[in-house]
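Visitor: let's see this in three dimensions:
(one chain, ligands or ions: 1)
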Amino acid sequence: MTASSTTTVTPSDVVGQARRRRSFAVISHPDAGKSTLTEALALHARVIAEAGAVHGKAGRQGVVSDWMAMERARGISITSAALQFYYRDAVINLLDTPGHADFSEDTYRVLSAVDSAVMLLDAAKGLEPQTLKLFDVCRHRDIPVLTFVNKWDRPGREALELCDELVERIGLQPMPLTWPVGAAGHFRGVLDLTDGAFVRYQRTAGGATVAPEERIDPARAEAEAGEDWARAREEAELLTASGGQFAPEAFHTATATPVLFGAAVLNFGVRHLLDLLVDLAPQPAPRLDVDGHPRPLDAPFSAFVFKVQTGMDPAHRDQVAFARVCSGVFERGMVVTNASTGRPFATKYAHQVFGQQRSTVDTAYPGDVVGLVNASALRVGDTLHAGRPAVRFPGLPSFAPAHFAVARPADLSRSKQFRKGVDQLASEGVVQILTSDLRGHAAPVFAAVGPMQFEVAAHRLEHEFSAPVRLDRLPYTAVRRLADPAQRPIVDGARRGEVLTRTDGTDLALFEDEMAMRILQRQHPDLALEPLLAEGA
Ligand code: GDP
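Guide: Presented below is the predicted three-dimensional model:
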């Protein structure tokens, strides 16, 4: 199929298809159960991507990719893409977020491509640091968040206490839709707050199949679940009386979060989550362009690149750009324009990628993610479009880096290749590049959200540009935006701080610790330092 071929999809089909889409990501701390939940969701659904993309427990490796030896050695996943499946009449796109403590800017960027997020909490731990950081990004972007309290089959905290934590720590009103029957560790089922029924769960061997549910009407529930039932009703009433009554608008405006309780490993509560996504989670909406005008869903094809990945397949040194469709229909083979360069890009190879699995995508609609292969000309934040009118979406924000290292070519005779490589990494958003006149520009500072980004950068400089790098870590842990460039000398003059300029022109004031920053602010009360997006919580 080529761009010139006529499409049979009408604008109303596009809107209808967009309406069926639910594109979301799971935000969680490592070990909360994201991989387990992903598998459980897929078990309930009809996975569209090639069968085998997601395996049961025995085949856990199926959802873990291994594009670099480094990654293999550590058994972690750096790659992230989307899993697509049908549930009821909906098409669900679950965008994967790298799931290691060393997460990177990619994790944040995925959130620019979703319409909602599922905040997954471990019932014994509640809100954890990485969840808080990701929640910050959701809040900044007004992304509606659903909460799934996981591992209720194990001893954990009180349900009311977990709900209180949401209000107290992040100012998010919990609106439970189910309430657990039985304390954490004695999970019998849930009270379905939409109709007052007792949904009793039954274990299956190893949680390998969809857990059977039995709906018991309230009149019989007491006899079946006794004390646990009475307690569940009392607790749920307490919460609904204090503002926890379900209100869809409050969810959509991201001021409140629907809460469900479950155990992903046993498939308990997973069907509720899917139903909630289909019934209530937002569908793709027209995206605002750089001038703030919405691009209608039925306008010609447009998409933006939220992630670029190189070398996923070591046998073919390819580069895959992941783009989220914003309007129109994507048809494989169409020629699109890259709004940043004005150049055409032929989409001959378009894939759906999840972990190691790829399957060819022929058509995609707003909300879907396509992986464009051989995309060395595409950068994170680029807009792609076809037809008229043209469109350009705002670029993706940079996030507050937390790790810094001075980068020098290990071999000075490779300085030219080194500079070229650094420019490339910066344009792809692999690391942020900071410089200052004081340091000189031959040795830029790499800045990253997670230290894993340094390893990826070093690996690529060595293997793609034959320019091995020496990285010397800097001791900075506190970072702010310096609002007034004229105040630069104040920070540069401080003993434990300096100002570096990022390639996007932002001046970052870096300090060894918060204390050093506060001392300087006390000495210079007019010093204007502003928080950066997604600062560590
Ligand atoms: P991730 O790091 O968030 O992807 O977490 P995983 O899905 O790998 O889960 C971490 C551990 O928690 C694994 O040992 C899972 O078997 C376990 N786990 C996940 N969900 C549940 C659950 O609902 N109940 C119990 N008891 N364990 C769970």
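Visitor: please, which helix or strand holds the residue of the chain most remote from its centre?
Guide: Computed with C-alpha atoms, centre = their mean, the residue of the chain farthest from its C-alpha average is residue 223, at 43.6 Å. Taking DSSP states H and E as the definition, one finds residue 223 inside helix 218-239.
Visitor: now do that helix: distance to the chain's middle.
Guide: Put simply, helix 218-239 sits 36 Å off its chain's centre (C-alpha atoms, centre = their mean, to the nearest Å).
Visitor: per-domain residue ranges of the chain.
Guide: 18-280, 287-385, 403-530 (automatic domain parsing).
Visitor: just to revisit the earlier point, and the helix holding residue 223, what does it pack onto?
Guide: Other helices and strands packing on helix 218-239, by 3 or more C-beta pairs under 8 Å, 6 or more residues apart in numbering; DSSP states H and E, are helix 159-170, strand 173-176, strand 178-181, strand 189-192, strand 197-201. Bear in mind the C-beta positions are built from the backbone N, C-alpha and C, glycine included.
Visitor: which of those sits most buried?
Guide: strand 178-181 (a mean of 27; mean count of other C-beta atoms under 10 Å).
Visitor: quick check: neighbours of that strand in the sheet, parallel or antiparallel?
Guide: strand 189-192 (antiparallel) (DSSP bridges).
Visitor: how near is residue 383 to residue 339?
Guide: Counting by C-beta to C-beta, to the nearest Å, the gap from residue 383 to residue 339 is 4 Å.
Visitor: what sits in contact with each of the two?
Guide: 391-392 (C-beta atoms under 8 Å, 6 or more residues apart in numbering).
Visitor: looking at those two, which is more packed in?
Guide: residue 383 (25 against 19; other C-beta atoms under 10 Å).
Visitor: quick check on that one: phi, psi?
Guide: phi -100, psi 140 (degrees, to the nearest 10).
Visitor: check contacts around it.
Guide: Residue 383 touches 302-305, 338-340, 391-393, counting by C-beta under 8 Å, 6+ apart.
Visitor: could I get the residues you listed as a markdown table with pLDDT, distance to residue 483 and secondary structure?
Guide: Output for the contacts of residue 383, formatted as a markdown table (pLDDT from 0 to 100; distance: C-beta to C-beta, whole Å; DSSP: H, G, I helix; E, B strand; the rest coil):
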| residue | pLDDT | distance to residue 483 | secondary structure |
| --- | --- | --- | --- |
| 302 | 97 | 34 | strand |
| 303 | 97 | 34 | strand |
| 304 | 95 | 28 | strand |
| 305 | 93 | 30 | strand |
| 338 | 94 | 33 | strand |
| 339 | 93 | 30 | coil |
| 340 | 87 | 28 | coil |
| 391 | 96 | 32 | coil |
| 392 | 96 | 27 | coil |
| 393 | 96 | 26 | coil |
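Visitor: turn these into JSON lines, columns for distance to residue 210.
Guide: Below are the contacts of residue 383 laid out as JSON lines (distance: C-beta to C-beta, whole Å):
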{"residue": "302", "distance to residue 210": "38"}
{"residue": "303", "distance to residue 210": "34"}
{"residue": "304", "distance to residue 210": "36"}
{"residue": "305", "distance to residue 210": "36"}
{"residue": "338", "distance to residue 210": "43"}
{"residue": "339", "distance to residue 210": "44"}
{"residue": "340", "distance to residue 210": "45"}
{"residue": "391", "distance to residue 210": "42"}
{"residue": "392", "distance to residue 210": "44"}
{"residue": "393", "distance to residue 210": "39"}
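Visitor: which one of these sits closest to the ligand?
Guide: If you rank those by distance to the ligand using C-beta to the nearest ligand atom, residue 305 comes first, at 25.7 Å.
Visitor: look up how far residue 276 lies from residue 418.
Guide: 50 Å.
Visitor: name the residue in the two with the higher neighbour count.
Guide: Using other C-beta under 10 Å as the criterion, residue 418 and residue 276 rank with residue 418 on top: 24 against 21.
Visitor: same list (the helices and strands packed on helix 218-239) but as a markdown table, adding distance to residue 515.
Guide: A markdown table is the format used below for these (distance: least, C-beta to C-beta, whole Å):
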| stretch | distance to residue 515 |
| --- | --- |
| helix 159-170 | 23 |
| strand 173-176 | 35 |
| strand 178-181 | 43 |
| strand 189-192 | 47 |
| strand 197-201 | 50 |
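Visitor: so which of those comes closest to residue 97?
Guide: helix 159-170 (18.4 Å; C-beta to C-beta).
Visitor: can you state the direction angle for that closest one and helix 218-239?
Guide: On the basis of axes from the mean of the first three to the mean of the last three C-alpha atoms, to 10 degrees, helix 159-170 is oriented at 30 degrees to helix 218-239.
Visitor: give me the contacts around helix 159-170.
Guide: Where contact means C-beta under 8 Å, 6+ apart, the residues beyond helix 159-170 that reach it are 121, 123, 126-127, 132, 135, 139, 147, 149, 172-174, 176, 179-180, 184, 235, 238-239, 244, 257, 259, 261.
Visitor: ok, stretch 185-200 next?
Guide: Contacts of stretch 185-200 (C-beta under 8 Å, 6+ apart): 152-156, 176-182, 201, 213-218, 220-221, 224-225, 228-229, 232-233, 236, 240, 246, 260-263, 266, 268-269, 272.
Visitor: same question for stretch 234-250.
Guide: Residues contacting stretch 234-250 (C-beta under 8 Å, 6+ apart): 159-160, 163, 173-177, 179, 191, 193-194, 256, 258, 280.
Visitor: farthest pair in the residues you listed?
Guide: 160 and 280 (23.2 Å).
Visitor: quick one: secondary structure of residue 298?
Guide: Three-state assignment for residue 298 (DSSP: H, G, I helix; E, B strand; the rest coil): coil.
Visitor: you'd agree it is up against residue 328?
Guide: Yes - Residue 298 lies in contact with residue 328 (C-beta atoms under 8 Å); the separation is 7.1 Å.
Visitor: name the residues contacting each of the two.
Guide: Taking C-beta under 8 Å, 6+ apart as the contact rule, residue 298 and residue 328 both touch residue 14.
Visitor: who has more neighbours out of those two?
Guide: More neighbours surround residue 328 than the other of residue 298 and residue 328, with 27 against 20 (other C-beta under 10 Å).
Visitor: for the more buried one, which non-adjacent residue is closest in space?
Guide: residue 301 (3.6 Å; C-beta to C-beta, 6 or more residues apart in numbering).
Visitor: which strand residues bridge residue 190?
Guide: Going by DSSP bridges, residue 190 forms beta bridges with residue 180, residue 199.
Visitor: same question for residue 287.
Guide: Under the criterion used here (DSSP bridges), residue 287 is bridged to residue 295.
Visitor: residue ranges in the stretch 401-537 of the chain under the pLDDT threshold?
Guide: Residue ranges of the stretch 401-537 of the chain with pLDDT under 70: 534-537.
Visitor: please enumerate the helices of it.
Guide: 415-428, 452-465, 488-492, 514-523 (DSSP state H, counting those that start in this stretch).
Visitor: the lowest-mean-pLDDT helix or strand in the chain: what's the following helix or strand?
Guide: The helix or strand of the chain with the poorest confidence is helix 69-74; it has a mean of 38 (mean pLDDT, DSSP states H and E). Per DSSP H and E, the first helix or strand lying C-terminal to helix 69-74 is strand 82-87.
Visitor: many thanks, have a good one.
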